[in-house]
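Asks: With the input below, show me the fold.
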Amino acid sequence: AEEEERQKVEETRVNRVPQRVHSDTSIAANPGERLYQEHRRREMQRQAQAKKEMEKEAGEKNAVKSVVCTPGYNPHDKLYEDAARRRGVLDKKLKEKQVEEERQIAELALFPRAGHLDKNRLEGLYNDHETKLKNRAKRLEKEIESERREYEDAIRARRNNKTGPQEPIWERGKSAYFKGAEQAAGTEINTRKPAAEPTSRVDVALNAVLHAVAQRCADDSAPSLSEIKELVPPLRAAMKLYSEAQSSVEKVEGYPALCVRASQRLFRDSYLLPEYEGFEQCREPNAIHQVQEDLDSLLHTAAKAQAVLQELFLPGSAAKWEPGSSRTGLATVSQALSAYNPGMKDTRAAQLKAMVKFQAAEG
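Replies: Residues are numbered from 1 along each chain as shown. Model prediction:
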C-alpha cells in the first residue's frame with residue numbers, strides 16, 4: 001500500500017512540473033541571421049537539384065551505352081527515322097505555304113475563280129492592249145523618221161553652202177581668252193604632221209579639248225595649227241590657276257584625311273555607303289533627277305537648299321555666313337576643323353556651264 005501511495009505521489013509531482021516551451025530556432029530574431037539562414041537553405045536546395053540532374057544525366061548516358069551495346073541495335077535506323085520526321089515537318093510547312101499563296105492569288109485576282117468567265121471582257125482588254133502597243137510603235141517610227149529627215153536636211157544644207165568655211169565653234173563667242181596679240185600669230189599650214197606625244201599638263205588638256213570639239217562637230221575637218229596655238233594661252237592660264245589652287249588645298253590640315261576617305265553615294269533605301277561597299281552588295285545608286293526645268297525656279301530652290309545646309313552647320317546664325325568666308329567651331333560637326341561657304345552659282349555661270357556641256361552641236 002505504501003509503495004502504491006508513493007508511486008501516485010511521484011506521478012502527481014511529475015505531471016505538475018511546468019512544460020518548457022521550445023522556441024522555433026529556424027526563425028532567427030536577428031534580420032542578418034535570418035537572411036543568412038534563407039540563403040543557406042536556397043543554396044542547399046540548388047545543390048540538391050544539381051545533384052539530381054547530374055544523376056539523371058549519368059543514368060541516361062548509361063542507358064544509351066547499354067542500348068548501343070545491345071546486340072541488334074542499328075544507329076542508322078534512328079538517323080533515318082529522324083530524317084523522315086524532319087522531312088514530314090518540312091513538307092507540311094511547304095503545303096501550308098502553297099495554300100497561303102493560292103489564297104492570296106485568289107484574293108488579288110481580277111475575277112473570282114468560281115463561276116463562268118467573261119470572255120468578252122478579256123478579249124476587250126487584250127484588244128485595248130494590242131492597240132496601245134501598235135500606237136506606241138507608230139509614234140516611235142514617226143519620231144525616228146522625223147529625226148532622220150532633219151539630219152539629212154542639215155547635211156544637205158551644209159553641202160550646198162557656198163559661203164566658205166565657217167568660223168570655228170570655240171571662237172564664235174568672241175571670248176576674251178582668244179583676243180590679244182597671240183591670236184594673230186601663226187599662219188595657216190595645210191600639211192598635217194603626226195601628233196606629238198603630250199609632254200606637259202597643258203598638252204594633255206589641249207588634246208582633251210580637241211577631242212571634245214571633234215566629237216561635237218559633225219564634219220571631219222581638223223583645226224589648223226594656228227587655231228590650236230590660240231588655245232594654248234588660255235589653257236596655260238587655266239592650268240596655272242588649277243596648280244595654285246591644288247597647292248593651297250594640300251596645305252590644309254584636313255586634306256590628307258579627306259583624300260583617304262572613300263567616295264560615298266546614295267544607294268537604295270537612302271543609305272549613304274562607300275561605292276565599293278554598295279557595289280559589293282549588288283546595289284544600284286539612286287539616279288539624280290532634275291524635277292524643275294525653269295532656270296529661275298531652279299535657282300530659287302537652290303537658294304533654299306543652300307540656306308538649309310548652312311543651318312545644319314551653324315544653327316541660328318546661318319544668315320550671317322557670308323559667301324566666300326569660313327567658320328570654325330562647328331557644334332554639329334565636331335570632327336571638322338572648319339567649313340567654307342562657296343556661295344550659290346549665279347545665273348550667268350549656270351547658263352555658261354549648261355551651254356558648254358549641253359548645247360546643240362553642229363550637224
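
Asks: does Ile288 count as helix, strand or coil?
Replies: Of the three states, Ile288 takes coil under DSSP: H, G, I helix; E, B strand; the rest coil.

Asks: Please report how far Asn207 lies from Arg136.
Replies: Taking C-beta to C-beta, to the nearest Å as the criterion, Asn207 is separated from Arg136 by 44 Å. No exception for glycine: its C-beta is placed from N, CA and C like everyone else's.

Asks: When these two are compared, which one has more neighbours?
Replies: Between Asn207 and Arg136, counted using other C-beta atoms under 10 Å, the more crowded position is Asn207 (13 against 10).

Asks: what about that one, helix or strand, and which?
Replies: When elements are defined using DSSP states H and E, Asn207 is found to belong to helix 201-216.

Asks: can I have that helix written out in CSV, keeping just the CAs?
Replies: Backbone C-alpha positions of helix 201-216 (Å, rounded to 0.1, in the frame of the first residue of the first chain) are rendered in CSV as follows:
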residue,chain,number,x,y,z
ARG,A,201,49.7,69.0,-118.4
VAL,A,202,48.8,71.8,-120.9
ASP,A,203,49.4,69.3,-123.8
VAL,A,204,47.1,66.8,-122.1
ALA,A,205,44.4,69.4,-121.6
LEU,A,206,44.8,70.6,-125.2
ASN,A,207,44.3,67.1,-126.5
ALA,A,208,41.2,66.7,-124.4
VAL,A,209,39.7,69.9,-125.7
LEU,A,210,40.4,69.0,-129.3
HIS,A,211,38.9,65.6,-128.8
ALA,A,212,35.7,67.2,-127.3
VAL,A,213,35.5,69.6,-130.3
ALA,A,214,35.9,66.8,-132.8
GLN,A,215,33.1,64.9,-131.0
ARG,A,216,30.8,67.9,-131.0
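
Asks: Strands of the stretch 251-363 of the chain, residue ranges please.
Replies: Along the stretch 251-363 of the chain, the segments classed as strands by DSSP state E, counting those that start in this stretch run 264-267, 271-274, 326-328, 338-340.

Asks: Among the ones you listed, show me which one is buried the most.
Replies: A comparison of the strands of the stretch 251-363 of the chain by mean neighbour count, using mean count of other C-beta atoms under 10 Å, puts strand 264-267 on top with a mean of 15.

Asks: so how far is Lys78 from Gln7?
Replies: The gap separating Gln7 from Lys78 is 78 Å, by C-beta to C-beta.

Asks: cool, Phe358 as well?
Replies: In this view, Phe358 and Lys78 are 75 Å apart by C-beta to C-beta.

Asks: So for the two, which sits in the more crowded spot?
Replies: The neighbour count for Phe358 versus Lys78, taken as other C-beta under 10 Å, is higher for Lys78 (11 against 7).
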